[in-house]
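In: Could you work out the structure for the sequence below:
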Amino acid sequence: MRFVSLFIIFIASGFVHLFSLSSNIIFQDSYKHAMHEAQKLHKNVLILVGRDVKDNLIKDFLNSFEDDILLKDISKKNVFLIIDVNNEIFSEINLKRSPVLFFVDSKNEQVKAAYIGSIKNTVQYNQEFLNYALGVSKLDNITHENNESNNYEVNTLHDKVFFYKTLGGHWRLKMNGQDKKLLPSKIKLKEFLVFKDENEKNFYAFPKSLKGSIYFSEADNEEWKLFGQIKS
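Out: Next up is the predicted model:
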């Protein structure tokens, strides 16, 4: 394929900066740069993460597409990000299996879907993946396979309230349609992770085990109150 040959030349040349195979297809080795680019283009991000990113995994990914037409159609909906040259993703979410394809909403960096396993099988034979990639299915409902979501999402019994961790390592709270950025708190609790709302004085604490109850406090010196139960 023309795209494969061009990208192999790109790899051989040793460049690691933003590179475009066409006006629609973008390869980027930096998570931050890719998110910034995706936000400018008003696109979602398709991220390929694996232990062999530089060579075989990239070629396997590109070779999985039957033709350039499908690749172009998908690229119109998403920014392709070939990543982890600098271990930006593995260091944050500690993937147990590789490779993984992620769909990420560039607006809030929320992981919308994750697909683990053979790249070729996912690209060619997973209809759900193709529906997301081609924009047939909207990324409204979170889809995770093989329980990888435990690395970056904490759901509550309330469907509209959950915490999630971006692939960049930042925690956020999605509550009743509002997206709140959380900052690490100076408060230290032995069994809990504690965060402070960026725009408010609220503090949130959920167990490191990701099981049990979540608590909140309206100030750093007030008692903790029950916020909700973690959905198992």
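In: May I have the residues that are in contact with the residue lying closest to Glu153 once chain neighbours are set aside?
Out: With C-beta to C-beta, 6 or more residues apart in numbering as the criterion, Glu153 has its nearest non-adjacent residue at 4.7 Å, and that residue is Tyr164. Any C-beta I mention is one placed from the backbone N, CA and C, and that applies to glycine too. For Tyr164, the contacting residues are Gln110, Val111, Tyr152, Glu153, Val154, Trp171, Arg172, Lys174, by C-beta atoms under 8 Å, 6 or more residues apart in numbering.
In: For the second one, list each beta-bridge partner.
Out: By that I understand Val111. Val104 (DSSP bridges).
In: So it versus Gly117, what's the distance?
Out: 17 Å (C-beta to C-beta, to the nearest Å).
In: Compare the two and say which is more crowded by neighbours.
Out: Val111 (25 against 15; other C-beta atoms under 10 Å).
In: Would you check that the more buried one makes contact with Arg172?
Out: No. Val111 lies out of contact with Arg172 (C-beta atoms under 8 Å); the separation is 11.0 Å.
In: shared neighbours, these two?
Out: Tyr164, Thr166.
In: Which helix or strand contains Lys32?
Out: Using DSSP states H and E, Lys32 maps to helix 31-41.
In: Show me what that helix is packed against.
Out: strand 44-49, strand 78-82 (3 or more C-beta pairs under 8 Å, 6 or more residues apart in numbering; DSSP states H and E).
In: re the thing from before, partner residues bridging the residue nearest to Glu153?
Out: Bridge pairing for Tyr164 - DSSP bridges - gives Glu153, Arg172.
In: distance of it from Thr156?
Out: Taking C-beta to C-beta, one finds Tyr164 at 11 Å from Thr156.
In: Could you tell me the angle between the strand or helix carrying Tyr115 and strand 44-49?
Out: Assigning secondary structure by DSSP H and E places Tyr115 in strand 110-116. Computed with axes from the mean of the first three to the mean of the last three C-alpha atoms, to 10 degrees, the direction of strand 110-116 lies at 40 degrees from that of strand 44-49.
In: Using the record's assignment, carve the chain into domains.
Out: Structurally, the chain divides into domains by automatic domain parsing as follows: 2-148, 152-229.
In: Point out where this protein drops to low pLDDT.
Out: Filtered on pLDDT under 70, the chain yields the residue ranges 1-28, 50-56, 81-98, 135, 137-152.
In: returning to that earlier point: which of the domains of the chain sits most buried?
Out: Of all these, domain 2-148 has the most neighbours on average by mean count of other C-beta atoms under 10 Å, namely a mean of 17.
In: Show me the helices in the protein, by range?
Out: 2-13, 31-41, 58-63, 68-77, 90-93, 119-125, 127-133 (DSSP state H).
In: Lys190: which of these is closest?
Out: The closest of these to Lys190 is helix 90-93. By C-beta to C-beta, the value is 22.7 Å.
In: what's the span of stretch 219-226, first residue to last?
Out: Terminal residues of stretch 219-226 lie 14 Å apart, using C-alpha to C-alpha, to the nearest Å.
In: quick one: contacts of that stretch?
Out: Residues from elsewhere that reach stretch 219-226, judged by C-beta under 8 Å, 6+ apart: Ser185, Lys186, Ile187, Lys201, Phe203, Ala205, Ser213, Ile214, Tyr215, Phe216, Ser217.
In: quick check, nearest of these to Asp105?
Out: So of the contacts of stretch 219-226, ranked by how close each gets to Asp105 (C-beta to C-beta), first place is Ile214, at 22.8 Å.
In: No further queries at this time; thank you.
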